[in-house]
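J.: Structure, please.
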Amino acid sequence: MGKKDKKKKDPEKKAALAAKKEAKADKAAVKRLQKEQDRLNSLSIQDSDRDHPTTTTPSASPQEESIDSILASFRQRTKELETAVLEPIDTPFPSPPRGNFTFTLCPTNGLFYMFGGEYYDGSENLVFDELLRWNHDAKTDNNEEEDRNSDNNDNNNINNSKEDSYDTGKWTRILSPAPIPPPRCAHSAVFHNDGIYIFGGEMATNEKYHHYKDLWRFDVKKNFFEECKSRGGSPPAARSGHRAVVWRHYMIIFGGFQEELRAETRWFNDVHIFDFQTNIWCELKYNKLARLPPARSACNMTVCADALFIYGGYSKLKNANAPGANKSEGITHIDCWVLSLKPLLNSSKSGCLSGASPPSWERITRKGEYPSQRAGTSAILHKNKLLVFGGVLDSEGDQHKIESVFYDDLFALDMERRRWFAMRLKKASGGGRRRKKKDNQDDTKVENDGGDDTDNSEEEDEGLEEDAEAVSSGWDLDKLRHDMFAFIDGNGNIVYEKIEHEDGDNDPKTAGEEEKPHEGSNPSIDVNVTVSETANTEETNQGDLKSVEKIDASSVMQVDSKGLPSTVTRQTPLPRINCAVAIKGNTLFIYGGVVEVGDREVTLDDCWSIDLNKREKWTCIWPGQMHKQVWKGVDDDDSYISSDQGGDDDDDENSLDEDFELDPIHEDENNDEKISEEERKKAKKAAKKAKDKEKRRGVRHEILELKEKLGVDNAQRTPQMGESVAEFYARTTEYWSAEAAKSAGAAAADSGERLSTKELAREGFLLAKERYEELKPVLERLDELENMQQEGAEEKQKKKEKKSSKKERSTIDEFLQLQLQIVFILLEPLVLLLHKQGRLA
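T.: Sure thing, here's the model as predicted:
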């Protein structure tokens, strides 16, 4: 009783207690506000493609932070980047994998820069505009390793220790403020004066196909892009598959191709030069009688001692003598050409080469141990040698089926001696090499320590006096199917290559025995492997695996205890085309590329290196995740066996159907397994999306078939949309007159009668009219398909804008709701105080 009386009589203590409660309420309100702000930040980051979370400072109290300041902060977060943001990626190497990207070494900081590329999963082609930076020499922090291990715990920690054992360096994603280059692949990139110059390329998706002719510069110090506008001259036409090199303060562009819907596919052999100092283009123009390299794309090109070298490449040309007259035939080039650049220096004026007389091309013969015919090779300059790796040779088999052989060997072209050498692995030596020095000096011991003093890599190969093609067995389709025998389809099922064995060829180890010529074979297979999270393991077990296919291990992959494909340790890189190559010091790096297993395209993402001084072994920097890739292009049941079929036993399938009929599912409103209305809508939406994708693929495929079948890509033989017969003939009179002279003129010559000019013109008009009538329905169909493509692209853009607007409205609604909560939190203490003051009054 005494305590209560004392408390009532102490108003100061009572006021202090009330103030303490109010402070506690304010603290809780600040926590709630900070939590809501963090949630809103995460939502805005997810909705923005270019936003990046940065370190934030502690928020001020609600009394000090007004609503206007909160609105300003919100606008700043949703605004486009004003400065570059660097963020580490959460995987050892970039994911998803990609091909036809550029991989450029910056010699000033020793870092590699990767830009663009594409990834095809059998259904959709993704094209990237991502810029990544790789520091090979950096070590992974312990915290990053712990985070990676914790992320991989969802995969039952399989193969974690194996993957973490690789020294993968550090990859960083660079988010640059606008403007940035659009997504592209098959472009070119060169380094000059702290800048990476990106030219051309293509955007190839199901919805659009476009070639670029823009030039961009990325500043490696400031981490931002800028478009280089030409100040004069004639820039190259839009193209992809071209090659670019730096010579002094110039960039040289050669080759490439350009494909359009109705125009004839163009293959280039022109030479364009860009002056970095003046931003002026110029083209080397030759007369019609000049001897030039045939047009091509995907060739190997480099500059050595003021001379431009090109080797190989691929193109398609019309064969007028072949059946069908307009069928395009692929050509794999094996020639090598040299262009001396010194005359350009002697005649250049005011920093521009436009006034220079073009130097002459020289074709050089193949000498030494040169590579076999192939396309898709990757090449890079090392000192005075052009190193060439990989490639593929396509040949047309029975029923016009393309048969491919992929290669994994390395060659060198000595550009001073103009001689080829095969760069095979050497046997590891216990000590240093001895090499004779000039002027009859004493032998000096030279150690292969990776320094600049290197002995010639070809000395052991110089005993080959004869000029001959190197023996390269390559990997054909049978070997690829045996070694890469399983993959995951779009439904999460394990799919196996259907390999038909001949009599007496039923031993599953046969494929492994064929690996002996390839040093990548590894007889001891590690079962601690990483498996895909999306794979459906419920319907696949070891028993089903044996009944489906006898092969369960190879030099490339294996099937683990759960029936899932996984990688194995290899000693050499897989064969491939179009991989990225770079040289740092005396180390050659090989990254990515593509290999085709029949109709299935595998985008590689493994990375290898080799010491060019010792050349004793390949070092695997990252084994890649090709065994985890999902291929959605399974449409040929005769070539694949899916694990969800349980083999080829029809009786088992019928028995399953009978069991289903005898034991029907009773509908129950309270049944948790019943498919909800929302799930039906999702399934229906997914089916419609897949149908639309298939329709777009069908449209593009039909366009290509029509162009290939009737040769509508030849502008001289193809009327334009809306053109009449007379207009078509007037535009192509010269072509049809020549055709009439070949046919009607030859027949008239046999009969001894010569046709007059008027008669030849009439015959030419009849040929043009016949062609016009033949192609009129085809062109109408092409116009219809083009309109369908355009409508589809516009509809997709509208959906995208609608979705973006919906997200924006949702974000604004959440923001307004947050503001109301803030107002309530701010006013709540005041209302309580007024209420207490009124009660006390």
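
J.: all strands for the stretch 551-700 of the chain, in order.
T.: With strands called from DSSP state E, counting those that start in this stretch, the stretch 551-700 of the chain shows them at 557-559, 565-567, 580-584, 587-597, 600-611, 618-622, 630-631, 640-642.

J.: packing partners for the longest one?
T.: By that I understand strand 600-611. strand 118-120, strand 587-597, strand 618-622, strand 630-631 (3 or more Cβ pairs under 8 Å, 6 or more residues apart in numbering; DSSP states H and E). In this view, the C-beta of every residue, glycine as well, is placed from N, C-alpha and C.

J.: hmm, 10 Å instead?
T.: Packing contacts for strand 600-611, counted by 3 or more Cβ pairs under 10 Å, 6 or more residues apart in numbering; DSSP states H and E, involve strand 118-120, helix 477-483, strand 580-584, strand 587-597, strand 618-622, strand 630-631.

J.: and among those, the most buried is which?
T.: When the helices and strands packed on strand 600-611 are scored by mean count of other Cβ atoms under 10 Å, the highest mean neighbour count falls to strand 587-597 (a mean of 23).

J.: Helices of the chain, start to end?
T.: 2-8, 11-47, 67-78, 142-151, 160-164, 342-347, 477-483, 510-513, 542-548, 650-662, 677-710, 725-731, 733-750, 757-840 (DSSP state H).

J.: quick check: mean pLDDT across the longest one?
T.: Confidence over helix 757-840, taken as the mean pLDDT, stands at 77.

J.: Of the helices and strands packed on strand 600-611, give the one that comes closest to Ala84.
T.: Of all these, strand 580-584 sits nearest to Ala84, with 23.0 Å by Cβ to Cβ.

J.: Parallel or antiparallel, which strands does that closest one pair with?
T.: Within its sheet, and counting by DSSP bridges, strand 580-584 is paired with strand 587-597 (antiparallel).

J.: Let's see the strand it pairs with as PDB, backbone CA atoms only.
T.: The C-alpha trace of strand 587-597 is given here as PDB (Å, rounded to 0.1, in the frame of the first residue of the first chain):
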ATOM      1  CA  THR A 587      50.900 -20.000 -71.600                       C
ATOM      2  CA  LEU A 588      48.100 -20.800 -74.100                       C
ATOM      3  CA  PHE A 589      44.600 -20.700 -72.800                       C
ATOM      4  CA  ILE A 590      41.700 -22.500 -74.500                       C
ATOM      5  CA  TYR A 591      38.100 -21.800 -73.300                       C
ATOM      6  CA  GLY A 592      34.700 -23.100 -74.400                       C
ATOM      7  CA  GLY A 593      33.700 -23.900 -78.000                       C
ATOM      8  CA  VAL A 594      31.000 -26.200 -79.600                       C
ATOM      9  CA  VAL A 595      30.900 -29.900 -80.400                       C
ATOM     10  CA  GLU A 596      28.000 -31.500 -82.300                       C
ATOM     11  CA  VAL A 597      26.800 -35.000 -81.500                       C
END
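
J.: got the angle between it and strand 600-611?
T.: Strand 587-597 runs at 160 degrees relative to strand 600-611, counting by axes from the mean of the first three to the mean of the last three Cα atoms, to 10 degrees.

J.: nearest spatial neighbour of Gly330, skipping sequence neighbours?
T.: Closest residue to Gly330 apart from its sequence neighbours, by Cβ to Cβ, 6 or more residues apart in numbering: Lys316 at 5.4 Å.

J.: how about the one you found, what does it touch?
T.: Lys316 makes contact with Phe257, Thr265, Trp267, Ala295, Arg296, Ser297, Lys327, Ser328, Glu329, Gly330, Ile331, according to Cβ atoms under 10 Å, 6 or more residues apart in numbering.

J.: how about the last one, what does it touch?
T.: Ile331 makes contacts with Trp267, Pro294, Ala295, Arg296, Gly313, Tyr314, Ser315, Lys316, Leu317, Asn319, Ala375, as judged by Cβ under 10 Å, 6+ apart.
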